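Trainee: sequence and predicted model, in that order:
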Amino acid sequence: KQEVTQIPAALSVPEGENLVLNCSFTDSAIYNLQWFRQDPGKGLTSLLLIQSSQREQTSGRLNASLDKSSGRSTLYIAASQPGDSATYLCAVRGDYKLSFGAGTTVTVRA
Amino acid sequence: DTAVSQTPKYLVTQMGNDKSIKCEQNLGHDTMYWYKQDSKKFLKIMFSYNNKELIINETVPNRFSPKSPDKAHLNLHINSLELGDSAVYFCASSSQGGAYEQYFGPGTRLTVT
(Lines give C-alpha, C1' and ligand atoms only; values in the text may rest on other atoms or scores of the structure.)
Protein backbone atom coordinates (compact mmCIF):
# COMPACT_ATOMS: atom_id res chain seq x y z
CA LYS A 1 0.00 0.00 0.00
CA GLN A 2 1.36 3.38 -1.01
CA GLU A 3 1.99 5.84 1.82
CA VAL A 4 2.77 9.46 1.12
CA THR A 5 4.30 11.75 3.73
CA GLN A 6 4.73 15.50 3.55
CA ILE A 7 7.10 17.41 5.76
CA PRO A 8 6.72 19.92 7.27
CA ALA A 9 3.01 19.96 8.08
CA ALA A 10 3.08 23.75 8.30
CA LEU A 11 5.46 26.48 7.26
CA SER A 12 5.49 30.24 7.86
CA VAL A 13 7.94 32.44 5.98
CA PRO A 14 8.39 36.16 5.29
CA GLU A 15 7.58 37.40 1.82
CA GLY A 16 10.42 36.96 -0.64
CA GLU A 17 11.86 33.85 0.94
CA ASN A 18 12.14 30.66 -1.09
CA LEU A 19 9.89 27.76 -0.09
CA VAL A 20 10.96 24.11 0.00
CA LEU A 21 8.24 21.50 0.45
CA ASN A 22 9.08 17.83 0.77
CA CYS A 23 7.15 14.72 -0.20
CA SER A 24 8.16 11.09 0.27
CA PHE A 25 6.45 7.89 -0.83
CA THR A 26 6.98 4.26 0.04
CA ASP A 27 6.35 2.45 -3.27
CA SER A 28 8.55 3.63 -6.14
CA ALA A 29 6.34 1.92 -8.76
CA ILE A 30 4.51 5.08 -9.74
CA TYR A 31 3.29 6.49 -13.04
CA ASN A 32 3.64 10.11 -12.05
CA LEU A 33 3.61 12.57 -9.19
CA GLN A 34 1.35 15.59 -9.05
CA TRP A 35 1.58 18.70 -6.88
CA PHE A 36 -1.66 20.50 -6.05
CA ARG A 37 -2.59 23.69 -4.31
CA GLN A 38 -5.71 23.92 -2.13
CA ASP A 39 -7.05 27.21 -0.84
CA PRO A 40 -9.34 27.16 2.23
CA GLY A 41 -12.82 25.93 1.31
CA LYS A 42 -11.81 25.41 -2.30
CA GLY A 43 -10.99 22.58 -4.65
CA LEU A 44 -7.58 21.40 -5.80
CA THR A 45 -5.58 23.19 -8.46
CA SER A 46 -2.95 21.18 -10.27
CA LEU A 47 0.42 22.92 -10.19
CA LEU A 48 2.88 20.49 -11.72
CA LEU A 49 2.89 16.91 -12.92
CA ILE A 50 6.11 14.93 -13.19
CA GLN A 51 6.11 11.69 -15.14
CA SER A 52 8.00 8.78 -13.58
CA SER A 53 10.67 9.06 -16.29
CA GLN A 54 11.29 12.75 -15.59
CA ARG A 55 13.55 14.33 -12.99
CA GLU A 56 11.92 17.74 -12.75
CA GLN A 57 9.27 20.11 -14.04
CA THR A 58 9.15 23.88 -13.97
CA SER A 59 6.35 26.39 -14.24
CA GLY A 60 7.12 30.02 -13.54
CA ARG A 61 8.36 30.33 -9.97
CA LEU A 62 7.62 26.67 -9.28
CA ASN A 63 10.05 23.83 -9.73
CA ALA A 64 9.41 20.23 -8.73
CA SER A 65 11.99 17.46 -8.66
CA LEU A 66 11.46 13.72 -8.53
CA ASP A 67 13.82 11.00 -7.34
CA LYS A 68 11.75 7.90 -7.91
CA SER A 69 14.35 5.44 -6.66
CA SER A 70 14.55 7.10 -3.26
CA GLY A 71 10.84 7.89 -3.16
CA ARG A 72 11.18 11.65 -2.86
CA SER A 73 9.91 14.81 -4.48
CA THR A 74 10.56 18.44 -3.62
CA LEU A 75 8.54 21.47 -4.61
CA TYR A 76 10.46 24.75 -4.73
CA ILE A 77 8.65 28.06 -4.84
CA ALA A 78 10.95 30.98 -5.53
CA ALA A 79 10.48 34.45 -4.09
CA SER A 80 7.33 33.66 -2.15
CA GLN A 81 4.39 36.06 -2.11
CA PRO A 82 1.41 36.36 0.27
CA GLY A 83 -0.75 34.93 -2.53
CA ASP A 84 1.22 31.69 -2.25
CA SER A 85 -0.39 31.05 1.14
CA ALA A 86 -2.32 27.79 0.78
CA THR A 87 -2.06 24.07 1.47
CA TYR A 88 0.16 22.17 -0.95
CA LEU A 89 -0.61 18.53 -1.58
CA CYS A 90 1.59 15.90 -3.13
CA ALA A 91 -0.03 12.90 -4.83
CA VAL A 92 1.50 9.85 -6.49
CA ARG A 93 -0.31 7.86 -9.13
CA GLY A 94 -0.41 4.09 -9.00
CA ASP A 95 -2.94 1.98 -10.89
CA TYR A 96 -5.88 4.27 -11.70
CA LYS A 97 -5.69 6.28 -8.49
CA LEU A 98 -3.80 8.99 -6.67
CA SER A 99 -2.48 8.53 -3.14
CA PHE A 100 -2.23 11.83 -1.31
CA GLY A 101 -0.06 13.18 1.43
CA ALA A 102 -1.64 15.18 4.26
CA GLY A 103 -0.32 18.43 2.85
CA THR A 104 1.91 21.32 3.91
CA THR A 105 0.11 24.48 4.94
CA VAL A 106 2.11 27.52 3.90
CA THR A 107 1.72 31.03 5.26
CA VAL A 108 3.68 33.82 3.59
CA ARG A 109 3.84 36.91 5.80
CA ALA A 110 3.79 40.32 4.15
CA ASP B 1 -15.39 27.38 -18.74
CA THR B 2 -15.91 24.93 -15.91
CA ALA B 3 -13.87 21.77 -16.42
CA VAL B 4 -15.18 19.61 -13.56
CA SER B 5 -18.36 20.75 -11.83
CA GLN B 6 -20.21 19.40 -8.83
CA THR B 7 -23.64 20.06 -7.40
CA PRO B 8 -24.54 20.95 -4.78
CA LYS B 9 -21.65 22.87 -3.26
CA TYR B 10 -23.08 22.49 0.24
CA LEU B 11 -25.38 19.80 1.58
CA VAL B 12 -26.79 19.74 5.10
CA THR B 13 -28.99 16.82 6.03
CA GLN B 14 -30.06 14.64 8.92
CA MET B 15 -28.92 11.17 9.84
CA GLY B 16 -30.76 8.44 8.02
CA ASN B 17 -31.54 10.47 4.91
CA ASP B 18 -30.51 9.56 1.37
CA LYS B 19 -28.71 12.14 -0.76
CA SER B 20 -26.95 12.43 -4.11
CA ILE B 21 -24.06 14.50 -5.38
CA LYS B 22 -23.66 15.09 -9.10
CA CYS B 23 -20.45 15.51 -11.07
CA GLU B 24 -19.89 16.48 -14.68
CA GLN B 25 -16.72 17.04 -16.69
CA ASN B 26 -16.43 18.70 -20.08
CA LEU B 27 -12.80 17.75 -20.70
CA GLY B 28 -13.54 14.67 -22.78
CA HIS B 29 -11.87 12.46 -20.18
CA ASP B 30 -12.68 8.79 -19.92
CA THR B 31 -11.93 8.24 -16.24
CA MET B 32 -13.69 9.83 -13.28
CA TYR B 33 -13.13 9.58 -9.54
CA TRP B 34 -14.68 10.32 -6.18
CA TYR B 35 -12.46 11.34 -3.27
CA LYS B 36 -13.34 12.05 0.35
CA GLN B 37 -11.53 14.70 2.39
CA ASP B 38 -12.09 14.23 6.08
CA SER B 39 -11.90 16.75 8.91
CA LYS B 40 -8.12 16.35 9.06
CA LYS B 41 -7.95 17.38 5.39
CA PHE B 42 -6.70 13.97 4.29
CA LEU B 43 -7.84 13.05 0.76
CA LYS B 44 -8.66 9.45 0.01
CA ILE B 45 -9.90 7.74 -3.14
CA MET B 46 -13.35 6.18 -2.94
CA PHE B 47 -14.24 5.12 -6.48
CA SER B 48 -12.91 5.28 -9.99
CA TYR B 49 -14.80 4.72 -13.24
CA ASN B 50 -13.25 4.19 -16.64
CA ASN B 51 -15.61 4.40 -19.62
CA LYS B 52 -18.58 3.94 -17.29
CA GLU B 53 -17.10 0.83 -15.68
CA LEU B 54 -16.14 0.65 -12.02
CA ILE B 55 -12.41 -0.01 -11.68
CA ILE B 56 -11.69 1.03 -8.09
CA ASN B 57 -13.82 0.60 -4.99
CA GLU B 58 -11.71 1.35 -1.95
CA THR B 59 -13.51 -0.47 0.86
CA VAL B 60 -16.29 2.06 0.88
CA PRO B 61 -19.50 1.07 2.75
CA ASN B 62 -22.30 -0.29 0.57
CA ARG B 63 -24.35 2.77 1.49
CA PHE B 64 -22.28 4.64 -1.09
CA SER B 65 -23.21 3.85 -4.67
CA PRO B 66 -21.63 5.60 -7.64
CA LYS B 67 -23.54 5.81 -10.91
CA SER B 68 -22.03 6.72 -14.26
CA PRO B 69 -24.72 7.31 -16.90
CA ASP B 70 -22.07 8.30 -19.45
CA LYS B 71 -18.37 9.15 -19.61
CA ALA B 72 -18.97 12.78 -18.70
CA HIS B 73 -20.95 12.14 -15.52
CA LEU B 74 -20.29 10.34 -12.26
CA ASN B 75 -22.86 10.74 -9.52
CA LEU B 76 -22.57 9.62 -5.91
CA HIS B 77 -25.61 8.39 -4.04
CA ILE B 78 -25.44 7.89 -0.29
CA ASN B 79 -28.08 5.94 1.64
CA SER B 80 -28.83 6.11 5.35
CA LEU B 81 -26.42 8.94 6.04
CA GLU B 82 -24.34 8.77 9.24
CA LEU B 83 -22.55 11.46 11.22
CA GLY B 84 -19.21 10.05 10.06
CA ASP B 85 -20.12 10.74 6.45
CA SER B 86 -19.63 14.46 7.09
CA ALA B 87 -16.73 15.49 4.87
CA VAL B 88 -15.90 17.26 1.65
CA TYR B 89 -16.38 15.07 -1.42
CA PHE B 90 -14.36 15.81 -4.53
CA CYS B 91 -14.96 14.59 -8.03
CA ALA B 92 -12.03 14.39 -10.47
CA SER B 93 -11.35 13.25 -14.00
CA SER B 94 -8.40 12.26 -16.14
CA SER B 95 -7.60 10.80 -19.50
CA GLN B 96 -6.25 7.27 -19.73
CA GLY B 97 -3.95 8.37 -22.48
CA GLY B 98 -1.28 10.99 -22.08
CA ALA B 99 -0.14 12.30 -18.74
CA TYR B 100 -3.05 10.99 -16.61
CA GLU B 101 -3.20 14.41 -14.99
CA GLN B 102 -6.21 14.63 -12.71
CA TYR B 103 -8.49 17.65 -12.62
CA PHE B 104 -10.64 18.24 -9.57
CA GLY B 105 -14.05 19.76 -9.04
CA PRO B 106 -14.71 22.43 -6.38
CA GLY B 107 -15.95 19.92 -3.81
CA THR B 108 -19.25 19.29 -2.03
CA ARG B 109 -19.28 19.92 1.70
CA LEU B 110 -21.64 17.39 3.29
CA THR B 111 -22.77 17.96 6.87
CA VAL B 112 -24.83 15.28 8.57
CA THR B 113 -26.61 16.37 11.76
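Mentor: Looks like it came in fine. Everything numeric here is computed off the predicted structure, so don't read it as measured data.
Trainee: does stretch A:47-65 reach chain B?
Mentor: Yes - for stretch A:47-65, a contact with chain B is found by CB under 8 Å from any CB of the partner chain, at A:Leu49, A:Gln51. C-betas here are computed from N, CA, C, even on glycine.
Trainee: quick one: end-to-end length of that stretch, please.
Mentor: Using CA to CA, to the nearest Å, the end-to-end distance of stretch A:47-65 comes to 13 Å.
Trainee: the lowest-mean-pLDDT helix or strand in chain B: partners in the sheet, and parallel or antiparallel?
Mentor: Lowest by mean pLDDT, DSSP states H and E among the helices and strands of chain B is strand B:53-57, with a mean of 83. Strand pairing for strand B:53-57, using DSSP bridges, gives strand B:43-50 (antiparallel).
Trainee: give me the contacts around the strand it pairs with.
Mentor: A:44, A:89, A:91, A:96-100, B:30-38, B:54-58, B:60, B:64, B:66, B:68, B:74, B:76, B:89-90, B:96 (CB atoms under 8 Å, 6 or more residues apart in numbering or on different chains).
Trainee: now, of those, which are buried?
Mentor: A:44, A:89, A:91, A:96-100, B:30-37, B:56, B:60, B:64, B:66, B:68, B:74, B:76, B:89-90 (16 or more other CB atoms under 10 Å in any protein chain shown).
Trainee: get me the contact residues on chain B for chain A.
Mentor: So chain B meets chain A at B:31, B:33, B:40-45, B:48, B:50, B:55-56, B:58, B:90, B:92, B:99-107, B:109 (CB under 8 Å from any CB).
Trainee: mind giving me the PyMOL select for those, buried ones only?
Mentor: Buried members of the residues of chain B next to chain A, defined by 16+ other CB under 10 Å, are picked up in PyMOL with:
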select buried, chain B and resi 31+33+43+45+48+50+56+90+92+100+101+102+103+104+105+106+107+109
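Trainee: kindly state the beta-bridge partners for A:Leu11.
Mentor: Assigned bridge partners for A:Leu11, using DSSP bridges, are A:Val106.
Trainee: isn't it right next to A:Gly103, touching?
Mentor: No - A:Leu11 lies out of contact with A:Gly103 (CB atoms under 8 Å); the separation is 10.9 Å.
Trainee: neighbour count for those two, which is higher?
Mentor: Higher neighbour count among A:Leu11 and A:Gly103: A:Gly103, with 23 against 17, using other CB atoms under 10 Å in any protein chain shown.
Trainee: for the more buried one, grab phi and psi.
Mentor: phi 100, psi 160 (degrees, to the nearest 10).
Trainee: roughly how far is the helix or strand of chain A with the lowest mean pLDDT from the heart of the chain?
Mentor: Here the helix or strand of chain A ranked lowest by mean pLDDT, DSSP H and E is strand A:98-100, holding a mean of 90. Distance, stretch centre to chain centre, for strand A:98-100: 12 Å (CA atoms, centre = their mean, to the nearest Å).
Trainee: that strand pairs with which strands, parallel or anti?
Mentor: strand A:86-93 (antiparallel).
Trainee: now A:Pro82, what are its backbone angles?
Mentor: phi -50, psi -30.
Trainee: list the residues that contact it.
Mentor: A:Glu15, A:Val108, A:Arg109, A:Ala110.
Trainee: do the same with B:Trp34
Mentor: Going by CB under 8 Å, 6+ apart, B:Trp34 touches B:Cys23, B:Ile45, B:Met46, B:Phe47, B:Ser48, B:Pro66, B:Leu74, B:Leu76, B:Tyr89, B:Phe90, B:Cys91, B:Ala92.
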